[in-house]
Structures are given as structure tokens and as C-alpha cells.
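Asker: this one's sequence-less:
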């Protein structure tokens, strides 16, 4: 991660939930499969900066890997379009597939996943969004009062 507090580590259960979320499971499904309470996973998703930053980073990594695989297909897609454009080869289905690959190289809907990947910045943002009352409670808890 970019700069977050690396002395903090995710638990094995958090890692399991992350893997399940990245595989496409919902929070509820991931919690159940990992043996965690739904409320716990919800707390991690909304209040654990390291968990959220790690999830964001891994989503971006998955996106980057898939985008690279698509980029590798561009030369083949161009070859298919070129061959299909020859008057004697009306291969409409191949052309549509090739064009779909090329479109994903430009402006794929949704774009690259976003979200803060620095746990310290994310924690600061989460604390600020909770309001001043919660901020005081968090500070007192950190100071051991």
C-alpha cells in the first residue's frame, strides 16, 4: 500500500473476507463464508481504514491485470478486423468481437476502480466524517482514558 501504517496487519479472517469480496461475493455472502458476523464485516467496510485501503488496492491490482491482458489482445483484434474487412470475408461476428476488445481499451464503462489506498489517509477521512463527538470518543480511547 502507499504509505499506510504497515505495522498494522489484517487478520486471517479479514484476508479471507477480502478474497471473497474480490471474487465477487457480497458482504453478506463473504461474512457467512468466512464465519464472520455480517455486522463485523460491515464495520470493517465502514470503519477499518486498513481493511478498506487494502480492498481498494487489490481491486485496482485486479483491474490493472485485466487491462493488461486486454492490451495484449489488441494486435490480434486489429488482425481480425483487417482480415474481416476483405470483400471476400464477411465475418460480422468476428468483427464485432474484435471491436468490443478495442472499445475496452479506450473508454470502458466505469473506468478503473477508485478509492484511497493509504490506510492513514483513509482513517483520517473516516474519523472526520464521524463528527466531532465521535472524534472526541476516538481520541479518548486512543489516549487510554
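Answerer: That came in fine, so what should we check first? From a predicted model like this one, the values you see are computed outputs, not experimental measurements. Numbers count the residues shown, from 1 in each chain.
Asker: For stretch 40-54, measure first residue to last.
Answerer: 17 Å (CA to CA, to the nearest Å).
Asker: From the centre of the protein outward, give me the first residue you hit.
Answerer: residue 59 (2.2 Å; CA atoms, centre = their mean).
Asker: Relative to residue 72, how far out is it?
Answerer: 21 Å (CB to CB, to the nearest Å). Where you see a C-beta, it was placed from the backbone N, CA and C, and this is true even at glycine.
Asker: my guess is the residue nearest to the centre of the chain contacts residue 117, does it?
Answerer: No: judged on CB atoms under 8 Å, residue 59 makes no contact with residue 117 at a distance of 9.4 Å.
Asker: returning to what we had before: if we ignore the residues flanking it in sequence, what's nearest the residue nearest to the centre of the chain?
Answerer: residue 113 (4.3 Å; CB to CB, 6 or more residues apart in numbering).
Asker: how close does the one you found sit to residue 66?
Answerer: In terms of CB to CB, residue 113 sits 11 Å off from residue 66.
Asker: of the two, who's got more company?
Answerer: residue 113 (15 against 12; other CB atoms under 10 Å).
Asker: Tell me who's in contact with the more buried one.
Answerer: 56, 59, 60, 63 (CB atoms under 8 Å, 6 or more residues apart in numbering).
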